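Peer 1: Generate coordinates for the sequence data below:
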Amino acid sequence: MPKRKLPEVCTVTASAGLMVAVTLLILSLAGVKSSEYAAILRTGSLQAMDELRYHTAKETILPEGNFLKAGKIEKEHNDIALNVTMSTPQSYYLRGYVGEVYTKNSWQKADASKLYTYRDTFYWLHKENFYGQTQLADVANLLDDNLMEPNDITIENVNASSKYLYMPYELLNYQDVQETYANEIGDSRDTVQGIKGERNYHYMAWQNEIKNYPTLVQNLSLKEDSGDVKDYLEKESYYNAFVYDIYTQIPDSTRNMLQNHLGKFDSTTHMSYEEAKDNILSYLSEHVIYSTGVSAMPAGGDFLQYFLEESGSGYSVHYATAAVMMFRYYGIPARYVEGYLVTPEDISGVEEGSTISIPENHAHA
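Peer 2: Numbers count the residues shown, from 1 in each chain. Here you go, the predicted structure:
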């Protein structure tokens, strides 16, 4: 990793500090309680630093988990975010930012001390070549579900945040993308190299497998007595314990609010995935309206409560936050993610090895 130049680091730090001071003054004038400063300032100061380090002059739609930035989308946002070149053009969701812990004003990463309790688990899993990032592709490969050649993908990050590597859930060679990830705990801390992040990289992936997920799960259970599948399921069981511990957490106030909206549910078990999905889709379809014209929530407010009980409208950031917390309420692990869609329309008629330009308006949580 190249050494950081001191003047550059000092400039970034000083600029971020000024932004924090201004934010503090605004919060004070807005009447936000002093007890709420810490969380808001922590999110704001970190993102101020990120704006200077990882963003171009172009505006982006994605708030990187900061709900105070999830306001009205007034522009078309047709500027190019990513240039994607694939040996076999496929539609994908390219995951970037991952939020693990819900606070009323943002999504945050899981607490480092909590993750640290799983250090031995992930040391062993990674030694055994089990990565959460490659789980979907590993299962497809294990079941011989995919007869296509792996897809060679090159990303040129034009205007998206360079803090993240935008990668599909069908990723094949995660440990080759960044060897340092072998020492990471979990599968969402995709730290990039360099003070300015990374804007050019490539990796291998299977074809789009998200749509085949129910079939993959069913076929996996049918072959659970075979040696390779049994070995995989053993490793997955340890990963599963981590996932249920970390990604089903809900603040008590949020749980009480969701109970008022969804009815009582025994959180010692989990609802079936299909029933939970149907319940959530039904609730959101009936009670809120999709709109990019929604105002940002007031400082010091609760984002989910504001969406469900006050504004009643929002876009992908709002819907994704609500869905994640509702899945968790039903006992199903879920995380909030932001990234870019490569749609079937984007790849229509595109030749192998050709570059597809993905505009900022393909950004979705």
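
Peer 1: Quick one: the strands in the stretch 51-200 of the chain, in order.
Peer 2: 80-86, 92-99, 101-103, 106-108, 151-157, 167-168, 200-205 (DSSP state E, counting those that start in this stretch).

Peer 1: Against which helices or strands is the fifth one packed?
Peer 2: The helices and strands touching strand 151-157, judged by 3 or more CB pairs under 8 Å, 6 or more residues apart in numbering; DSSP states H and E, are strand 80-86, strand 200-205. C-betas here are computed from N, CA, C, even on glycine.

Peer 1: Next, the contact list for D278, please.
Peer 2: Not one residue lies near D278 by CB atoms under 8 Å, 6 or more residues apart in numbering.

Peer 1: what's the pLDDT at it?
Peer 2: Per-residue confidence (pLDDT) for D278: 97.

Peer 1: Phi, psi for it please.
Peer 2: Dihedral pair for D278: phi -60, psi -40, per degrees, to the nearest 10.

Peer 1: try S313
Peer 2: Note on S313: backbone dihedrals following degrees, to the nearest 10 are phi -150, psi 160.

Peer 1: could you pull out the helices for the stretch 51-200 of the chain?
Peer 2: Remark: helices of the stretch 51-200 of the chain, listed N- to C-terminal, are 112-116, 119-127, 135-142, 174-177; assignment by DSSP state H, counting those that start in this stretch.

Peer 1: JSON lines for those, including distance to Y315?
Peer 2: Written out in JSON lines, the entries for the helices of the stretch 51-200 of the chain read as follows (distance: least, CB to CB, whole Å):
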{"stretch": "helix 112-116", "distance to Y315": "31"}
{"stretch": "helix 119-127", "distance to Y315": "34"}
{"stretch": "helix 135-142", "distance to Y315": "26"}
{"stretch": "helix 174-177", "distance to Y315": "30"}
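
Peer 1: Out of those helices, flag the one nearest F327.
Peer 2: Comparing the helices of the stretch 51-200 of the chain against F327 with CB to CB, the closest turns out to be helix 135-142 (17.7 Å).

Peer 1: State the distance from I210 to N260.
Peer 2: Shown here: I210 relative to N260, a distance of 32 Å by CB to CB, to the nearest Å.

Peer 1: so who does Y102 touch?
Peer 2: Neighbouring residues of Y102 by CB under 8 Å, 6+ apart: 249-251, 254, 304, 321, 324-325, 336.

Peer 1: List the beta-bridge partners for it.
Peer 2: Using DSSP bridges, the bridge partners assigned to Y102 are W107.

Peer 1: hmm, back to that, ranking the helices of the stretch 51-200 of the chain by burial, who's on top?
Peer 2: Each of these was assessed for mean neighbour count using mean count of other CB atoms under 10 Å. The highest is helix 135-142, with a mean of 20.

Peer 1: Quick one: list the elements packing against it.
Peer 2: Using 3+ CB pairs under 8 Å, 6+ apart as the test, helix 135-142 ends up in contact with helix 213-222, helix 227-246.

Peer 1: could you give the angle of it to strand 200-205?
Peer 2: Here helix 135-142 runs at 40 degrees with respect to strand 200-205, directions being taken by axes from the mean of the first three to the mean of the last three CA atoms, to 10 degrees.

Peer 1: got the angle for helix 135-142 vs helix 213-222?
Peer 2: Per the same axes, to 10 degrees, the angle that helix 135-142 makes with helix 213-222 is 60 degrees.

Peer 1: Now helix 135-142: average pLDDT?
Peer 2: For helix 135-142, mean pLDDT rounds to 90.

Peer 1: Any regions of the stretch 101-250 of the chain where pLDDT drops low?
Peer 2: Counting by pLDDT under 70, the ranges of the stretch 101-250 of the chain that qualify are 145-147, 174-181, 189-191.
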